[in-house]
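J.: Quick one: sequence plus predicted model below, questions after.
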Amino acid sequence: QVQVVESGGGLVQPGASLRLACTASGRLFEVNNAMAWFRQAPGKEREFVAGSSSGGIADYLDSVKDRFTVSRDNAKNTLFLQMNSLKSEDTADYYCAVRRGILRKLADNYPYWGQGTQVTVSS
């Protein structure tokens, strides 16, 4: 069984920063795996934001590439998302997802999900 827990969301003003953290546990981490952040705004589909494989390969949504940084601590099975210069369009519920194998950008490829953490960017 894999458990995924996110933390770090909140309400911030435009231009501010937030750091999300995701910690996962389970036997999945004995093999190559990928951890990723997705987000879902009201009325919109869930979209890939950023992720990292256990081998250190990272990828980003184009609209966040210059503002967000993803990193992971493999020893602690933890994934971080440093979000800088936040914009109102970043407002969404952010979810951490985990899968065995390589990093993928489709939500359907991830069998393990956290409960989500809310990020609101508003003045």
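T.: Received, thanks.

J.: Give me the spatial nearest neighbour of the residue nearest the centre of the chain, chain neighbours excluded.
T.: With distances taken as CA atoms, centre = their mean, Trp37 lies nearest the centre of the chain, 1.9 Å away. Leaving out its chain neighbours, the residue that sits closest to Trp37 by CB to CB, 6 or more residues apart in numbering is Val49, at 4.4 Å. The way it works is simple: take the backbone N, C-alpha and C, and place the C-beta from them, glycine included.

J.: Please give the element, helix or strand, for that neighbour.
T.: strand 47-53 (DSSP states H and E).

J.: Please name the bridge partners of the residue nearest to the centre of the chain.
T.: Counting by DSSP bridges, Trp37 forms beta bridges with Ala50, Cys96.

J.: so what's it up against?
T.: Trp37 makes contact with 20, 22, 48-51, 70, 79, 81, 94-97, according to CB atoms under 8 Å, 6 or more residues apart in numbering.

J.: How much space separates the residue nearest to Trp37 from Ser71?
T.: Taking CB to CB, to the nearest Å as the measure, Val49 falls 14 Å from Ser71.

J.: Those two: who's more crowded?
T.: It is Val49, of Val49 and Ser71, that has more neighbours when counted by other CB atoms under 10 Å, with 24 against 14.
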